[in-house]
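Student: The sequence isn't on hand, but the structure is:
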């Protein structure tokens with residue numbers, strides 16, 4: 001038993017704090033486990049959890065996928081959230097639902113975490129139906145189309161808008177430093193996804209024998225081409241498309257670089273999966289991204305879909321793609337944003 005007393009007041013009463021009752025703790029744990037099992041004991045809710053493996057979705061998006069009214073879908077999501085099988089993610093005025101961010105290491109000693117991990121592993125063993133996958137693809141393609149339209153319309157304002165959040169100089173040097181700690185076999189190849197106006201290509205060009213510049217907005221890719229020509233960067237190959245196109249083309253790289261792009265991507269977890277497929281053995285994925293924030297004005301001004309990401313979220317997506325963190329740098333900015341520079345590599349070579 002622990003006691004607390006106010007030694008400055010001799011008349012103060014001694015307050016006793018009883019030790020936790022192991023019986024009560026065990027009972028609470030059993031109640032928690034029962035709630036998890038009860039929430040997961042419904043076929044529809046299990047299907048919702050399977051869909052959430054593909055990313056975060058709003059209640060209207062999920063209602064459309066399952067052809068049900070919003071109140072009914074809201075009820076199921078509320079049950080999943082209460083049980084810890086799902087959680088909310090606020091993006092400005094919108095609320096998305098996702099699977100909880102759970103450390104991917106073994107959950108020894110934590111019964112709730114072990115149960116949730118086991119449940120997710122079990123329901124992920126079989127693929128979604130073709131019809132459901134088409135519905136997911138349609139939503140993510142619509143997001144990508146809206147993002148691409150924004151950049152095609154605002155390509156000439158890209159730098160000014162981006163630097164409202166984080167100036168290129170703040171994260172370029174840490175990125176280069178993390179690249180220089182690697183010893184790539186020659187010839188070495190880099191692939192930058194979303195090069196913007198091409199500034200970082202000037203850093204990659206002397207470090208690699210060949211550099212791919214990949215962008216799904218033709219106007220942005222044209223600006224990168226003009227930058228490379230003006231700075232005489234002869235080893236850049238430009239590719240129009242997204243990471244899925246790069247995979248289909250069979251591109252391979254020793255380093256995949258994704259600078260301030262992930263918050264514009266319709267399916268961030270999918271980008272991790274594609275990046276892992278694009279890596280040569282021993283390669284790295286280098287990501288510069290905002291940590292999660294609440295400054296919703298960036299959605300209108302900068303075309304952001306997501307308001308940054310928790311560091312643990314990136315780690316979980318990386319682990320799901322067979323990648324492990326190798327190094328990281330966090331940079332706090334005076335405007336309230338924080339930038340994370342993360343380097344991931346194949347788990348197999350750790």
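Tutor: Everything's here; your move. Keep in mind that this is a model prediction, so the values were computed, not measured.
Student: Enumerate every residue touching the closest residue to residue 54 other than its chain neighbours.
Tutor: Nearest non-adjacent residue to residue 54, counting by CB to CB, 6 or more residues apart in numbering: residue 136, 5.3 Å away. Placement of C-beta: from N, CA and C, glycine included. The neighbourhood of residue 136, defined by CB atoms under 8 Å, 6 or more residues apart in numbering, consists of 51, 54, 65, 128.
Student: which of these lies closest to residue 87?
Tutor: Closest approach between these and residue 87, by CB to CB: residue 51, at 14.8 Å.
Student: since we're on that closest one, how many residues are nearby?
Tutor: Look at residue 51: counted by other CB atoms under 10 Å, it has 21 neighbours.
Student: ok, now how distant is it from residue 65?
Tutor: When CB to CB, to the nearest Å is applied, the distance between residue 51 and residue 65 equals 6 Å.
Student: Name the residues contacting each of those two.
Tutor: Shared contacts of residue 51 and residue 65, defined by CB under 8 Å, 6+ apart, comprise 57, 132, 136.
Student: would you list those in TSV and tack on pLDDT?
Tutor: Shown next, in TSV, are those (pLDDT from 0 to 100):
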residue	pLDDT
57	95
132	95
136	94
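Student: Can you list which of those are found in helices?
Tutor: Here DSSP state H is the test, and the shared contacts of residue 51 and residue 65 give 132, 136 as lying in helices.
Student: Mind putting the shared contacts of residue 51 and residue 65 into CSV with distance to residue 340?
Tutor: Listed next are these as CSV, based on distance: CB to CB, whole Å:
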residue, distance to residue 340
57, 24
132, 33
136, 27
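Student: Out of the shared contacts of residue 51 and residue 65, flag the one nearest to residue 338.
Tutor: Within the shared contacts of residue 51 and residue 65, distances to residue 338 taken as CB to CB reach their minimum at residue 57, with 25.9 Å.
Student: Next, count neighbours for that closest one.
Tutor: Neighbours of residue 57 using other CB under 10 Å come to 22.
Student: Near the residue nearest to residue 299 when sequence neighbours are not counted, how many other residues are there?
Tutor: Once flanking residues are discounted, residue 299 sits nearest to residue 92: 5.3 Å by CB to CB, 6+ apart. Using other CB under 10 Å, residue 92 is surrounded by 15 other residues.
Student: these two touch, right, residue 189 and residue 208?
Tutor: Yes. Under the criterion of CB atoms under 8 Å, residue 189 makes contact with residue 208 at 6.0 Å.
Student: Between those two, which contacts overlap?
Tutor: When contacts are counted by CB under 8 Å, 6+ apart, residue 189 and residue 208 are jointly contacted by 254, 255.
Student: Now do the contacts for residue 47.
Tutor: Contact analysis of residue 47 by CB under 8 Å, 6+ apart lists 66, 132.
Student: Assumed it was part of a helix.
Tutor: Yes. Checked against DSSP: H, G, I helix; E, B strand; the rest coil, residue 47 lies within a helix.
Student: got a pLDDT number for it?
Tutor: Residue 47 is assigned 95 on the pLDDT scale.
Student: quick one: it and residue 76, what's the gap?
Tutor: Taking CB to CB as the measure, residue 47 falls 10 Å from residue 76.
Student: Same check on residue 146?
Tutor: Applying CB to CB to residue 146 and residue 76 gives a distance of 27 Å.
Student: So the two - more neighbours on which side?
Tutor: Using other CB under 10 Å, the more surrounded residue of residue 146 and residue 76 is residue 76, with 21 against 12.
Student: What about the closest residue to that one other than its chain neighbours, how many residues nearby?
Tutor: Leaving aside its chain neighbours, residue 76 sits nearest to residue 45 (5.3 Å; criterion: CB to CB, 6+ apart). Residues near residue 45, counting by other CB under 10 Å, number 20.
Student: what are the ranges of the strands in the stretch 101-250 of the chain?
Tutor: 189-193, 210-215, 236-240 (DSSP state E, counting those that start in this stretch).
Student: Need the winner for burial among those.
Tutor: Neighbour counts (mean count of other CB atoms under 10 Å) averaged over each of the strands of the stretch 101-250 of the chain peak at strand 189-193, with a mean of 26.
Student: so it versus strand 210-215, what angle?
Tutor: Angle of strand 189-193 versus strand 210-215, following axes from the mean of the first three to the mean of the last three CA atoms, to 10 degrees, is 10 degrees.
Student: Pull the residues that contact strand 189-193.
Tutor: Residues from elsewhere that reach strand 189-193 (CB under 8 Å, 6+ apart): 200-201, 204, 207-215, 243, 246, 251-259, 261, 271, 275, 278, 280.
Student: quick one: strands adjacent to that strand?
Tutor: Partner strands and pairing direction for strand 189-193 (DSSP bridges) are strand 210-215 (parallel), strand 253-259 (parallel).
Student: helices or strands up against the helix or strand following the last one?
Tutor: Yep, that's strand 253-259 we're talking about. Next helix or strand after strand 253-259 toward the C-terminus (DSSP states H and E): helix 268-278. The contact analysis (3 or more CB pairs under 8 Å, 6 or more residues apart in numbering; DSSP states H and E) places helix 268-278 against strand 189-193, helix 243-249, strand 253-259, strand 279-290, helix 311-320, strand 323-332.
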